[in-house]
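Visitor: Below are the sequence and a predicted model; questions follow.
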Amino acid sequence: MTRTPPQAWRNWAGTETAVATEVRTPRHVEEISTAITSAAERGLTVRARGSGHSFTAVGAAHGVALDLSAWTGITAADLDTGEVTVRSGTTLAALNTGLDRLGRALANLGDIDAQTVAGAIATGTHGTGARLGGIATQVSALELVLADGSVTRCSTTERPDLFAAARVGLGALGVISTVTLRTEPSFVLAAEERPEPLDDVLDRLDEHCAGNDHFEFYWFPYGERALTKRNNRLPAGTAARPLGAARRFFEYEVMENGAFGALCKLGRTAPRLVRSLNKLSSSVLTPRSYSDVSHKVFVTNRRVRFVESEYAIPRAALGDVLAELRVRVPALPDPVMFPVEVRVAARDDIWLSTAYDRESAYIAVHQYRGLPYRAYFDLFESIAGAVGGRPHWGKMHTLDARELAARYPRFTDFARVRSEVDPEGRFRNPYCDRVLGPIAD
């Protein structure tokens, strides 16, 4: 295991920074254990940094930082059961490539694959699909290194309370060393993306969600159209028909990254133009249809940097929340450059999952990095909070443990498990202190 002196860390969006006392890069689970016990001897905290793609400081390490970039790869695959075990530092991109080679795939993914597997499940990363949950719902077992350096396994049958807590555990219960995932045979998704009037999308939202495996849409504030995305599975053995290389380059690199990035920069330089640029972005949306292996459809390459807040709300409240945003966002003093993203998910039983025990809709608001966002995010947070919204753990919000305890029925159960496995707060950081509160006595 390599050990390096203090290093500054910054997340992808540039919203959070931290300097660790030291950085360790373990290559074996024993070295993870050693790093934790060594930190305990010196009274230091321990955090696994992940990829830094969270917009919050959930991954910030102020004591010992664990860089898990050398602890990667698939370690076991049972092609009969579909269970695949992967080391926690593996990125979702690398996992998808490895699963491809095995002829396997995850049932659902988000649109970013830069996160580590452990970081994605710890913060509740999700995709969209009314009958599907987030990535953590596809976990069948975890191996964790606890505060005393011991290694333990948990699942629905082994330490089930720890499993219910640790699948979305914010890194506060221990360092995840391996993740066992339920996978399925590789499949091809047909993707249909097209602009539609926002009112029509909202009027038929239940139909869209029920009638498609994966449905989501983007709405540019000040515009009246939404970009809808429908992804549906094709029968086994169907050949993929991806976009041609030239079309793909134009659509994603030129338009979604290059041209949109240029418009954002112009808007940052001349904020008075943002509303017009926003309407322009909405007006030039074009339809496209293609099919490809699942992860290539789920994932989008995003190079235009932004800040983001996202809340999970009861699905039945989605129309009312969006209606209020449509009325109140145009009245904000600072204009909004980025679109609003709307997705859905099935209820689950993970204690700190944003979809715990309710069918959920996710609304994500964004702003181009460098443009004012605080008033916009505060407005959004107040509207989502009025319907019991739960913030994504890896995206910007202002709530604390008292407020969050009122929104999570199993919050006190999580606190109990945390106090049992980490009584001294070895895995604390300031973000966990705010959102989880002190270790229970």
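Guide: Perfect, thanks for sending it. Everything quoted here is computed from the prediction, not taken from an experiment.
Visitor: Point out where the stretch 151-300 of the chain drops to low pLDDT.
Guide: Within the stretch 151-300 of the chain, the set of residues satisfying pLDDT under 70 comprises 249-250, 254-255, 283-284.
Visitor: what's around residue 345, how many residues?
Guide: 27 (other CB atoms under 10 Å). All C-beta atoms are positioned from the backbone trio N, CA, C, and that covers glycine.
Visitor: Model confidence at it, what's the number?
Guide: You'll see residue 345 listed with a pLDDT of 98.
Visitor: Over to the one 5 residues further on?
Guide: Residue 350 is assigned a predicted lDDT (pLDDT) of 98.
Visitor: Looks like it contacts residue 137 (just checking).
Guide: Yes: using CB atoms under 8 Å, residue 350 is in contact with residue 137, at 6.9 Å.
Visitor: Can you work out which residues contact both of these two?
Guide: residue 167 (CB atoms under 8 Å, 6 or more residues apart in numbering).
Visitor: Residue 33 contacts residue 145, correct?
Guide: Yes: using CB under 8 Å, residue 33 is in contact with residue 145, at 5.2 Å.
Visitor: Now for the two: what residues contact both?
Guide: With contacts taken as CB under 8 Å, 6+ apart, residue 33 and residue 145 have residue 151 as neighbours in common.
Visitor: For those two, indicate the residue with more neighbours.
Guide: Taking neighbours as other CB under 10 Å, residue 33 and residue 145 compare with residue 145 leading, 27 against 19.
Visitor: In the sheet, which residues pair with that one? Tell me.
Guide: residue 151, residue 175 (DSSP bridges).
Visitor: what do you get for residue 180?
Guide: Residues in a beta bridge with residue 180, per DSSP bridges, are residue 85, residue 141.
Visitor: thinking it is in contact with residue 88, fair?
Guide: No: in this structure residue 180 lies outside contact range of residue 88 using CB under 8 Å: 11.2 Å.
Visitor: of these two, who's got more company?
Guide: residue 88 (27 against 20).
Visitor: Tell me the spatial nearest neighbour of that one, not counting adjacent residues.
Guide: Nearest non-adjacent residue to residue 88, counting by CB to CB, 6 or more residues apart in numbering: residue 118, 3.7 Å away.
Visitor: Does anything pack onto the strand or helix carrying the one you found? Which helices or strands?
Guide: Using DSSP states H and E, residue 118 sits in helix 117-122. The contact analysis (3 or more CB pairs under 8 Å, 6 or more residues apart in numbering; DSSP states H and E) places helix 117-122 against helix 92-102, strand 175-182.
Visitor: who touches that helix?
Guide: So helix 117-122 is contacted by 48, 50-51, 53-54, 58-59, 68, 86-92, 95, 110, 125, 134-136, 139, 167-171, 176, 179, 181, 393-394 (CB under 8 Å, 6+ apart).
Visitor: which ones among the residues you listed are found in strands?
Guide: Counted as lying in strands by DSSP state E, out of the contacts of helix 117-122, are 48, 86-87, 139, 176, 179, 181.
Visitor: Could you single out the most deeply buried of the helices and strands packed on helix 117-122?
Guide: strand 175-182 (a mean of 23; mean count of other CB atoms under 10 Å).
Visitor: ok and that one relative to helix 92-102, angle-wise?
Guide: 40 degrees (axes from the mean of the first three to the mean of the last three CA atoms, to 10 degrees).
Visitor: Quick check: next helix or strand after strand 175-182?
Guide: Where DSSP H and E defines the elements, the next helix or strand beyond strand 175-182 is strand 184-185.
Visitor: how close does the residue nearest to residue 88 get to residue 173?
Guide: Distance of residue 118 to residue 173, given as CB to CB, to the nearest Å: 12 Å.
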